[in-house]
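heads up, no residue letters with this:
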């Protein structure tokens, strides 16, 4: 389900209308009305999701009202199906039909969009723009030239620096967002179909817990479907990038210039050094420590300390260095 | 030739005036008038270029009206020459003479510089500044607190986010430039001569094709002489840096936090992972794929898949990891 | 000593009041008045500093009026002491007591805070904010939507781009700060005590010499106690991060996307390639050259050229690559 305080739903569509939009065959109740889209685990009986080989095992138990499903994995049952050669691509088409505004996210705001009444304890600086549908908690402070977009909620005692922009976000209490941060920016998602890129509509949010800090010029993309989540007490340094649907547990520390790719989940109490890169769709356990400049390309179990590119246990990485040093010595002797 | 819609040319200068500015000897027609500067391949009969050992083979066929040329490589001919101990340094001096404003690019704009009339289909947000000499296509949208500098052209159906700044750029149609992007920023170029840095005047542009996207807080430097080019359908993620005179082919994809150094040329359909670095003055072929965090220091032929630091074919890189793993095992056995 | 043009000192406190704030025992003159805090080397007779094992050898000669000192290293003498289980953590508590505003740095400014009179040679663009307590030298220029915070001083002939924010900084002459730079941003410092993060108050400044350039979207954190320093003629490219208390010597060159962690000192004439990372608390000598993407984790002597991750002398790094290449060949033969 998409949060309709941020995104304007043009549905419902009947199954046959959606088949028409995709240009595919439709099996089941053609008049069935579909009201929204969701990921397979969360889709309700009036929502549509997509199924590829990867998600096949979730199909049977899913409560979704319809499925965009790969030709090759169709089973005989009574579920409503749109038969697709490229379900991910066709899901993006359906998402664009439900949320056509998402292809061109709105950046135009005029004076009439601006909030005029705020609690007296809220301090908003010159040239900052608070959208009339945004909400800000008591005793929060907004710097100069910042933008708080429509539907955004910010909790109490928050500090927002200057030249910040926040869209599609729900922010807790005691949060500090420093200069130049872009929260809720566009996720980097598109599908290739033959020679054509199709932008995947970015329909999720950024959820920030309490007591979080985000350093200057960092960017946090909103979720594609579902949310990007930064849990309580996370400390994020300058020029950090979090991709769409990244999830940070509680008390994570991320040093400057690190980046986490889309859909990766990080446990609690994880410490990440500077200039670390973590690939997408990974699971990093609790209490993991990652040395500066590490390139992580696989899941990491709880309590590990890793380093290197590609990443290894930190002692193995140090041993690599020693082994190469010894090989250099032997080389010289030859 | 420099684009005089962006840069104010103080020429022409006679060859002897230029010899005087550099402080060097002059061979040929001392009264010859020079109207502009260019790179050796493009210089016309009333323009000057520079020649070092590296460009020696281009000298004979060049149509330039005069050359700043290294003492050591002078040949006896009728071409007009300024005899230099450091042609690159002296070219920068000449560039400053033609374009003195370029030493301090202009960032000051007042209300009287602001465009007041725009087509009704163009939506410009509060506190944004469009220079009166800029041009914006129909149905384009500009976010809050953004700057569109003098001479900039933006095509139709473009989306410019908030806190964006764009100078010295020509942008096509259907382009999306997200929050905090700086387009046309100052190239990182200077010459050392003995103990003195001389800033190289940055006199080029950024040329962006159609259907391009550039993610939040990315920076694209304009060309030094000549242009930085981003061709059609390129997709660029957040916090990416493109140096001066970088050229991207069509449909390139660059993930977050990657950087490409000055004067590197990238082919069509190149996919670049996150946190990749590519050195300057390289040529990357078509359909190349570069894994996340790769450090590229040499040219790459078409269709290669590479990884590592320094970069290797991706299979070789994986084999390095296996080899080190085996060496660690043997080490333990000893 | 903290610069009270930036930070508002709530002292003095008596030693017993400070013992109360920390919740610890106090040895010596309980009524002794403490006026400020400092690092051990600089603390005066009316100031307090902290001593851990690491700084033990500086204790005896220190002129500080009082010490927050680890339980285990107390010696019998007449010095005034607060006996601490975690001196760094308790120092942060004392810093918060002296400077409570530092826990929530101020980003709110209204029209009444704005400077109204400036020398005629100073050009300030639309929507820019100069705090009434800031000072700007003749012939300097400020771009659109930029912020010059309270107490900041900027020299003559400076160029400040658009969407820049500058706080807690003292800047020399002929300095160019390009679009989107954040100077004086919050240092990334906090102490863990059991399960609790305590933010370390950031009470220092950024000191920029003459003829410095800082590229678009770079960030420079101010010092924690003491200053972050960028000396004359440093050239810094786009998207560079300098942590709190970093010190750059004269004529350093830092290419794009490099980061230097807190308290590292860099000598004169150091050249740093792109995407380099340097760990905190290191000393890099004069004339050092660091190849692109290097990860530096130890001190570097003068005149070295290094590369790799972890960093080695550049020839050793190249030899690693050759050794691995040969091992791959032998592997194939087996």
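Looks like it arrived, so ask away. Values in this document were obtained by computation on a predicted structure and should not be read as measured data. Residues are numbered from 1 along each chain as shown, chains lettered A, B, ... in the order given.

Can you tell me the closest non-neighbouring residue to residue A:313?
residue A:306 (6.0 Å; C-beta to C-beta, 6 or more residues apart in numbering or on different chains). All C-beta spots, glycine's among them, are computed from the backbone N, C-alpha and C.

Can you give me the buried ones in the helix or strand hosting that neighbour?
Counting by DSSP states H and E, the element that carries residue A:306 is strand A:305-307. Using 16 or more other C-beta atoms under 10 Å in any protein chain shown as the test for burial, strand A:305-307 gives A:306, A:307.

for stretch A:131-143, same thing?
Buried residues in stretch A:131-143 (16+ other C-beta under 10 Å): A:131, A:134, A:136, A:137, A:139, A:140, A:141, A:142, A:143.

for stretch A:85-101, same thing?
Neighbour-count burial for stretch A:85-101 flags A:86-99 (criterion: 16+ other C-beta under 10 Å).

Residues of the stretch 201-334 of chain A that sit close to chain C?
A:213, A:215-217, A:233, A:235, A:237-239, A:251, A:255-257, A:274-275, A:292-293, A:308-309, A:321, A:324-325, A:327-328, A:331 (C-beta under 8 Å from any C-beta of the partner chain).

now the closest residue to chain C within the stretch 1-150 of chain A: how far from residue C:124?
Across the stretch 1-150 of chain A, the shortest distance to chain C (C-beta to the nearest C-beta) belongs to residue A:143, at 3.4 Å. Note on residue A:143: its distance to residue C:124, by C-beta to C-beta, to the nearest Å, is 18 Å.

cool, residue A:299 as well?
Residue A:299 sits 53 Å away from residue C:124 when distances are taken as C-beta to C-beta.

neighbour-wise, which of those two wins?
Legend: neighbour count by other C-beta atoms under 10 Å in any protein chain shown for residue A:299 and residue C:124, higher for residue C:124 (21 against 12).

quick one, what contacts that one?
Contact analysis of residue C:124 by C-beta atoms under 8 Å, 6 or more residues apart in numbering or on different chains lists B:108, C:118, C:130, C:141, C:142.

mind running it again at 6 Å?
Contacts for residue C:124 were tallied using C-beta atoms under 6 Å, 6 or more residues apart in numbering or on different chains; they are residue C:142.

For it, name its beta-bridge partners.
Under the criterion DSSP bridges, residue C:124 forms beta bridges with residue C:142.

Tell me where the stretch 1-150 of chain A has strands.
Ranges of strands in the stretch 1-150 of chain A, per DSSP state E, counting those that start in this stretch, are A:13-14, A:25-27, A:33-34, A:36-37, A:47-51, A:66-70, A:81-84, A:123-124, A:129-130, A:135-136, A:141-142, A:147-148.

Pick the most deeply packed of those strands.
Comparing the strands of the stretch 1-150 of chain A by mean neighbour count (mean count of other C-beta atoms under 10 Å in any protein chain shown), strand A:147-148 ranks first with a mean of 28.

possible to save the strands of the stretch 1-150 of chain A as TSV with mean pLDDT?
Compiled in TSV, the strands of the stretch 1-150 of chain A are given as follows (pLDDT from 0 to 100):
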stretch	mean pLDDT
strand A:13-14	98
strand A:25-27	95
strand A:33-34	98
strand A:36-37	96
strand A:47-51	95
strand A:66-70	96
strand A:81-84	96
strand A:123-124	96
strand A:129-130	97
strand A:135-136	98
strand A:141-142	98
strand A:147-148	98
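
Which of those strands sits closest to residue A:227?
For the strands of the stretch 1-150 of chain A, proximity to residue A:227 was assessed by C-beta to C-beta; strand A:36-37 is nearest, at 14.8 Å.

Run through who's touching the closest one.
So strand A:36-37 is contacted by A:1, A:2, A:47, A:48, A:95 (C-beta under 6 Å, 6+ apart).

nearest to residue B:202, of the residues you listed?
Nearest to residue B:202 among the contacts of strand A:36-37, with distances taken as C-beta to C-beta, is residue A:95, at 41.7 Å.

Provide the count of other residues in contact range of the residue lying closest to that closest one once chain neighbours are set aside.
Leaving aside its chain neighbours, residue A:95 sits nearest to residue A:201 (4.1 Å; criterion: C-beta to C-beta, 6+ apart). Neighbour count for residue A:201, taken as other C-beta under 10 Å: 27.

What of residue A:329?
The number of residues packed near residue A:329 is 9, by other C-beta under 10 Å.

Break down chain A into its helices, ranges please.
With DSSP state H, the ranges of helices along chain A come out as A:15-22, A:87-98, A:314-333.

Any chance of CSV for these, columns mean pLDDT?
Shown next, in CSV, are these (pLDDT from 0 to 100):
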stretch, mean pLDDT
helix A:15-22, 96
helix A:87-98, 94
helix A:314-333, 91
